[in-house]
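# Structure of the sequence below:
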Amino acid sequence: MHSESNAFRGDVLLAEKVMRGIDPQAVVFKLSNPAFGQEADLPFATRENVAAVLQAIGAQARPQDKVVVLLTTHGHVNLLEVYAANTRLGVVGPAELREWLAPLRGQPTLLMVSACYSGSFLPTLRGPSRIVLTAAADDRPSFGCQFHSRNTFFIEELLGQPGLAAQSLSDWVPQAYRAIEQRELALKLAPSQPQAFFGADVQAWARQPIAQWLN
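As a prediction, this is how the structure comes out:
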């Protein structure tokens, strides 16, 4: 899902490219609220559509499947913004998102939340079968969401690494977080301090090279 910005749309397309590289037959759901000048070529990332997609994934996922969910938008403490055509269509809070993710309970799930203050969602979204990565701590903004940005810093460093398929999440995430810190330091930005949680039931998955996720 993305909510109105070239950077957010870029995040969604980069994530799709990575998933297709792992599995060309991967089932990919994309929702996007177009920024100014973009075509409305994807279903809108409304609250209702996000909930419906997560429910559909939960219904279709097989026990051996891995689920990857990306939410990229503007955020504040304990909320994610939903925008389209410069109109605020509401917000999503941690408890509501937890409810929407309930159909995936027990399914190995990687959840990436790219938004300012997204660490405020982490306590509510933790679960034994879940890996949760957030772009910032609960009291910090994240960067790269300007209208003309290609991607947010968080997703670009997470998913744009060379040789990604040969790495495990346990290796990949700390490397990406160090790269984000160095990038912010070079630009004299306050550290966003991205957060990570690895559930007890997905520790083996976290150590598995990405290219072997389907084995």
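# Next secondary structure element downstream of the worst-scoring helix or strand of the chain on mean pLDDT?
When each helix and strand of the chain is scored by mean pLDDT, DSSP states H and E, strand 2-3 comes last, with a mean of 46. Downstream of strand 2-3, the first helix or strand assigned by DSSP states H and E is helix 6-22.
# Residue 141 reaches residue 191, doesn't it?
No: using CB atoms under 8 Å, residue 141 is not in contact with residue 191, being 10.2 Å away. All C-beta spots, glycine's among them, are computed from the backbone N, C-alpha and C.
# the more surrounded of the two?
Using other CB atoms under 10 Å as the criterion, residue 141 and residue 191 rank with residue 141 on top: 18 against 12.
# how about that one, what does it touch?
116-117, 190, 192 (CB atoms under 8 Å, 6 or more residues apart in numbering).
# Using the three-state scheme, assign it.
Per DSSP: H, G, I helix; E, B strand; the rest coil, the secondary structure class of residue 141 is coil.
# and what of residue 64?
coil.
# Can you pull the poorly scored residue ranges out of the protein?
1-5, 35-40, 84-87, 147, 214-215 (pLDDT under 70).
# As a quick check, tell me the outermost residue of it.
Relative to the centre of the chain, the most outlying C-alpha is that of residue 188, 24.9 Å out, by CA atoms, centre = their mean.
# distance of that residue from residue 6?
Taking CB to CB, to the nearest Å as the measure, residue 188 falls 24 Å from residue 6.
# Quick check: closest non-adjacent residue to residue 46.
Spatially, and ignoring its direct neighbours in sequence, residue 46 is nearest to residue 89 (6.1 Å; CB to CB, 6 or more residues apart in numbering).
# Let me know whether my guess that that neighbour is in a strand holds.
Yes: per three-state DSSP, residue 89 lies within a strand segment.
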